[in-house]
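> Turn this into a model:
(2 chains)
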Amino acid sequence: MFLIPFIVVSAIIFAIGVYGALTRRNAIAILMSLELMLNAANINLVAFNKFLNLENNLGIIFPLFVITIAAAEAAIGLALILSMYRQFKSVYIEKINLMKW
Amino acid sequence: MLLFPVFAIIAIIAALLVVTLKSTMHCALFLALFLLSVSGIFFTLDADFLGIVQILVYVGGIIVLILFAVMLTSKVQSTLLEQTNSQKVPAVLISLALIVILSVAAFKTFLPATFYAAEPGGTIRETGRLLMTVYVLPFELASIILLVALIGAILLAGKRGE
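Coordinates of the predicted model:
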């Protein structure tokens, strides 16, 4: 079973990303954890493409779009964090409780 | 294929450092190391175009953006401050459960053990042809999403009233 190590490695990286997103206080660090999770999914897609020989190279094209969306997400997320920093003078998410009732 | 364990170990160690280190700047640099080793994994899987795109877009673009954000907000970040919240134990449990569930599901599924030889000349030619024929609609949609993200980022990060 050659495919198993790839799936296990990407599961471990995904779980590390989940841990980071759940425990970090810093909004930028949470964004970095999201990047970890997206990359874990990409490793999976590429490995499946290699071993299953998907139609139309789907496992190569789909990660391209994932990377595109990740770039857009990082740009928007960091712009939000900078705007948040200007408003609250903080990047720690428990300080951002303006809409908490 | 032989280099995969090396890249995998580097990737996992770098990912662990990204979520545990206290200094956000060091986290961003280890994220760059992680992304480089992921692109190494792509190269071992014969996805050469994807590996190049990974280095160009992630390490060249997103890491620079993150470093800018870290440096612009460095006034309120101190390594003396606690960087994690009080949910550490439940988060560890959830992550371990996730690893166990996904691994068990992978081991119980029938998966083919053969892999297909790489096309001579790499996948770049085939990828370009597919992007312009079969996947032309998602390709154009991705460009619209990038344009919207660009406008949104300028609107959000720009100063008010200018």
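> what about B:Val134, which SS state?
Following DSSP: H, G, I helix; E, B strand; the rest coil, the label given to B:Val134 is coil.
> separation between the nearest residue to it once chain neighbours are set aside and B:Leu45?
Setting aside the residues directly before and after it, B:Val134 is nearest to A:Asn56 in space (C-beta to C-beta, 6 or more residues apart in numbering or on different chains), at 5.3 Å. Just so you know, the C-beta spots here come from the backbone N, C-alpha and C atoms, and that holds for glycine as well. From A:Asn56 over to B:Leu45 the distance is 17 Å, taken as C-beta to C-beta, to the nearest Å.
> who's more crowded, those two?
Between A:Asn56 and B:Leu45, B:Leu45 has the larger neighbour count (other C-beta atoms under 10 Å in any protein chain shown), namely 24 against 12.
> Could you pull up the residues touching A:Arg24?
By C-beta atoms under 8 Å, 6 or more residues apart in numbering or on different chains, the residues touching A:Arg24 are A:Ile30, A:Ser33, B:Val19, B:Gln83, B:Thr84, B:Asn85.
> returning to that earlier point: pull the contacting residues for the residue nearest to B:Val134.
A:Asn56 makes contact with B:Leu130, B:Val134, B:Tyr135, according to C-beta under 8 Å, 6+ apart.
> Give the buried subset of those as a PyMOL selection command.
A single PyMOL command selects the buried members of the contacts of A:Asn56 (16 or more other C-beta atoms under 10 Å in any protein chain shown):
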select buried, chain B and resi 130+135
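> ok, and the closest non-adjacent residue to the most centrally placed residue in chain B?
Closest residue to the average C-alpha location of chain B: B:Leu35 at 5.7 Å, with C-alpha atoms, centre = their mean. Counting by C-beta to C-beta, 6+ apart, the nearest residue to B:Leu35 once its immediate chain neighbours are dropped is B:Tyr58, at 4.4 Å.
> Likewise for B:Ala149?
A:Ala72 (3.5 Å).
> now B:Phe43
Using C-beta to C-beta, 6+ apart, the closest residue to B:Phe43 is B:Gly51 (4.5 Å).
> Cross-check the contact I'm expecting between that neighbour and B:Phe42.
Yes - under the criterion of C-beta atoms under 8 Å, B:Gly51 makes contact with B:Phe42 at 3.9 Å.
> Next, count neighbours for residue 61.
Let's take chain A. If you count neighbours by other C-beta under 10 Å, A:Ile61 ends up with 23.
> That was the other one, I meant chain B.
15.
> and the gap between the residue lying closest to it once chain neighbours are set aside and B:Leu155?
For B:Gly61, ignoring the flanking residues on the chain, the nearest one in space by C-beta to C-beta, 6+ apart is A:Ala71 at 6.2 Å. Distance from A:Ala71 to B:Leu155, counting by C-beta to C-beta: 17 Å.
> Compare those two (neighbour count), which wins?
Taking neighbours as other C-beta under 10 Å, A:Ala71 and B:Leu155 compare with A:Ala71 leading, 19 against 11.
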